[in-house]
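*Asks:* next comes the sequence, and after it the predicted model I'd like to discuss.
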Amino acid sequence: MAERAALEELVRLQGERVRALKQQKASAEQIEEEVAKLLKLKAQLGPDEGKQKFVLKTPKGTRDYSPRQMAVREKVFDVIVSCFKRHGAEVIDTPVFELKETLTGKYGEDSKLIYDLKDQGGELLSLRYDLTVPFARYLAMNKLTNIKRYHIAKVYRRDNPAMTRGRYREFYQCDFDIAGQFDPMIPDAECLKIMCEILSSLQIGDFLVKVNDRRILDGMFAICGVPDSKFRTICSSVDKLDKVSWEEVKNEMVGEKGLAPEVADRIGDYVQQHGGVSLVEQLLQDPELSQNKQALEGLGDLKLLFEYLTLFGIADKISFDLSLARGLDYYTGVIYEAVLLQTPVRAGEETLGVGSVAAGGRYDGLVGMFDPKGRKVPCVGLSIGVERIFSIVEQRLEALEEKVRTTETQVLASHWWPSSVSRSSRMGSSSSAQWPAGKRWTSEEKTLWKKSKGEQAGPFACAELSRLSGESGTGTM
């Protein structure tokens, strides 16, 4: 047994070495050499004994929720749903899985994160990646051209999970969308208003909503010299600027995606700018960008959007950020993303960071992808990243050691009154210590009667009075 234990320890250590080399991106030859050593050690354990024991756990990137955690989630959902309803939204639901073809080609580089299901009955299926594409499919199938809807449900992504930051493979999304033809920028402004209302109501800390427009990005790429075929892939690189430095993004665009260094530098001059409506007006005067039709349309709409945001009283929460790209392919106009400005709690020794907590944008062409005649339905929406919000709220409650009520049980009690006490006496003022005539009351009975009429009256005093008077009482619990 001692020899086997020693061999199992060697297998474990060698396995850790192989994993470390892979994470360090060591040479293929070195990794193969160490893997061969690992297989040799496993072979010494024997064909049956080398099998790992079953470990009871949840799949990677998923979790269970305790009654306390569910109570927190319910409160967060209540805040979100009440806001959606206040803005006139109806609720719908769609299947948790869709035809694979429905989801294909809608998410750009993120398509690799879609969970495909094993073929069943000749249909190729995938778990839904978000709630937006199923909503567009729903509109096309039902020939709807005007609806304001919300949808709260789980979605699935083959992402690298970071549980402490609220990043999972199975998680909830809370979506609100407006479909239909309206005056320019009014639905977009309403979505931003809803986002600000919800984040303010949840009291998770100060936040900032970054806005941009895909037409401005496309116009910027065009004047900088990016080939049309590389627009979407370069857009995905720019979208990483909130996580990594410009130098890293530039190296990816040049080294991995084949963009000329001088083109990348021109992009860098633009995407590192951010501000308010003054930046919009500045770019409208840009000698190159103002000559691009797409960019000009996007800048004009953003200027109008800021006018509505000022009327709504939320302009101070909004920042025009040229680095915001939102990598999903279906966005066609205004895009936005909310981030927390400060970290409300600490998780262990490290500051808790959760990234964006809400995002959305305009996707006017998505419904047309499912319509046989290609008819477009203008749509704009937002999605609240509730798992990240849950992480913040839960850890804040733990830090403050606050108790969370997990049940809604109510206990109702009433007094037990002697039947000899008249209804009018029971309902009289508590200051009136009168007792009915026609019966000789003992001093003990009189004392109990006075107690039952006072503020400290309780069922026990009244029951005792009933016993002393020799009469049965009635009551409910």
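*Replies:* Happy to help now that I have it. Bear in mind the structure is a predicted one, so any value in this text is a computation, not a measurement.

*Asks:* so which residues of the stretch 151-300 of the chain form helices?
*Replies:* With DSSP state H, counting those that start in this stretch as the criterion, the stretch 151-300 of the chain has helices at 186-202, 214-224, 231-238, 246-251, 261-271, 277-284, 293-312.

*Asks:* distance from the chain centre to the longest one, please.
*Replies:* In other words, helix 293-312. In terms of C-alpha atoms, centre = their mean, to the nearest Å, the centre of helix 293-312 is found 27 Å from the chain centre.

*Asks:* in the stretch 101-250 of the chain, where is pLDDT below threshold?
*Replies:* Across the stretch 101-250 of the chain, the ranges flagged by pLDDT under 70 are 163-166.

*Asks:* quick one on the thing from earlier: need the helices of the stretch 151-300 of the chain in JSON lines with distance to residue 133 and mean neighbour count, can you?
*Replies:* To be clear about C-beta, it is placed using only N, CA and C from the backbone, and glycine gets the same treatment. JSON lines is the format used below for the helices of the stretch 151-300 of the chain (distance: least, C-beta to C-beta, whole Å; neighbours: other C-beta atoms under 10 Å):
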{"stretch": "helix 186-202", "distance to residue 133": "18", "mean neighbour count": "21"}
{"stretch": "helix 214-224", "distance to residue 133": "17", "mean neighbour count": "23"}
{"stretch": "helix 231-238", "distance to residue 133": "16", "mean neighbour count": "20"}
{"stretch": "helix 246-251", "distance to residue 133": "27", "mean neighbour count": "15"}
{"stretch": "helix 261-271", "distance to residue 133": "27", "mean neighbour count": "17"}
{"stretch": "helix 277-284", "distance to residue 133": "30", "mean neighbour count": "16"}
{"stretch": "helix 293-312", "distance to residue 133": "23", "mean neighbour count": "19"}
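
*Asks:* which of those helices sits closest to residue 395?
*Replies:* Smallest distance to residue 395 across the helices of the stretch 151-300 of the chain (C-beta to C-beta): 14.0 Å, for helix 186-202.

*Asks:* biggest helix in the protein, by residue count?
*Replies:* Counting residues, the longest helix found in the chain (DSSP state H) is helix 2-23.

*Asks:* poorly predicted segments of the stretch 251-400 of the chain, please.
*Replies:* 342-354.

*Asks:* not counting its own residues, what contacts the helix or strand following the longest helix of the chain?
*Replies:* Downstream of helix 2-23, the next assigned helix or strand under DSSP states H and E is helix 28-44. Applying C-beta atoms under 8 Å, 6 or more residues apart in numbering, the contact partners of helix 28-44 are 7, 10-11, 14-15, 17-18, 21-22, 50.

*Asks:* swap in stretch 264-282?
*Replies:* Stretch 264-282 is contacted from outside by 210, 220-221, 224-226, 234, 238, 241, 246, 250, 253-254, 289, 299, 302-303, 306, 315, 318-323, using C-beta under 8 Å, 6+ apart.
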